[in-house]
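# Just to be clear, the model below is a prediction. Sequence and coordinates:
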Amino acid sequence: ADGILAQDYQQASQIWHLRELCSPTVASVGYMYKYDLSLQSDEFDDFVTELRQYLDDAISNDSARNDMDTLNNVQVVNWGHVVDGNIHVNIVIPGQHKKNEKLLKLLEPHIFEKTVERGGSISAEHGLGQCKNEYLSMMHSETTLNAMMQMKTMLDPKNILNPGKYFPTTRR
């Protein structure tokens with residue numbers, strides 16, 4: 001992975017400003033599928049390269065071609081924090097500003113499965129969130145999930161603290 005190390009405070013501020021422009025810039029191009037993942041930094045490049053190849057293959061597959069015409073020009077854009085293994089993988093179709101269910105079905109659970117296969121986590125700096133909670137079983141055993149749910153029940157017996165936000169209502 002390529003990176004940069006600021007030489008002083010002014011350069012650090014400039015770099016941070018550029019980093020803060022990433023999400024709005026990509027979002028201005030089209031609907032952004034955002035993934036906040038954790039991987040070993042030496043896995044970043046291979047992970048993104050393989051994701052691009054997977055999407056290219058899935059979209060150009062002759063048997064699915066008619067159904068996938070709306071997915072032409074899918075772009076994978078990524079940035080992250082090399083030191084802590086946090087990678088932001090963002091997928092966008094330029095000009096399409098609404099969620100595309102066909103693309104979402106290609107991405108999930110594929111992107112999570114490949115992250116876990118590489119020893120990574122589907123939850124990094126921004127936490128699990130309610131969009132990924134149904135994939136908790138990829139990260140934790142049934143025993144661990146039961147212990148987590150028991151602890152939640154013990155601390156929140158009436159289930160009034162963010163119900164359904166962390167633990168899914170059903171399990172895969």
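Thanks, I have it.

# which helix of this protein spans the most residues?
Secondary structure of the chain per DSSP state H: the longest helix is helix 9-29.

# In terms of secondary structure, what does that helix contact?
strand 32-38, strand 75-81, strand 86-92 (3 or more CB pairs under 8 Å, 6 or more residues apart in numbering; DSSP states H and E). C-beta coordinates here come from the backbone N, C-alpha and C atoms, glycine included.

# chain center to the first one: distance?
The offset between the C-alpha centroid of strand 32-38 and the centroid of the whole chain comes to 2 Å, using CA atoms, centre = their mean, to the nearest Å.

# again, but for stretch 93-105
Distance, stretch centre to chain centre, for stretch 93-105: 15 Å (CA atoms, centre = their mean).

# ok, and what's touching it?
By CB atoms under 8 Å, 6 or more residues apart in numbering, the residues outside stretch 93-105 that reach it are 29-31, 33, 67-68, 70-75, 91.

# 7 Å instead, please
29-31, 33, 67-68, 70-71, 73-75, 91 (CB atoms under 7 Å, 6 or more residues apart in numbering).

# Over to stretch 70-87?
Here stretch 70-87 has contacts from 1, 3, 19, 22, 26, 37-41, 44, 48, 51-52, 55, 59, 88-94, 100, 102-103, 124-125, using CB under 7 Å, 6+ apart.

# Restricted to buried residues, select those in ChimeraX.
To isolate the buried ones among the contacts of stretch 70-87 in ChimeraX, judged by 16 or more other CB atoms under 10 Å, type:
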select :26,37,38,39,41,44,48,51,55,59,88,89,90,91,92,93,100,103,124
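
# hang on, Tyr54 in a helix?
Yes. Tyr54 sits within a helix when classified using DSSP: H, G, I helix; E, B strand; the rest coil.

# OK, contacts around it?
Residues in contact with Tyr54 (CB under 7 Å, 6+ apart) are His110.

# State the distance from it to Gln11.
Distance, Tyr54 to Gln11, using CB to CB, to the nearest Å: 36 Å.

# Then Ser23?
For Ser23, the distance to Gln11 - CB to CB - is 21 Å.

# again, but for Val76
From Val76 to Gln11 the distance is 28 Å (CB to CB).

# likewise Asn86?
With CB to CB as the criterion, Asn86 and Gln11 are 21 Å apart.

# Between those two, which is the more surrounded one?
Asn86 (20 against 12; other CB atoms under 10 Å).
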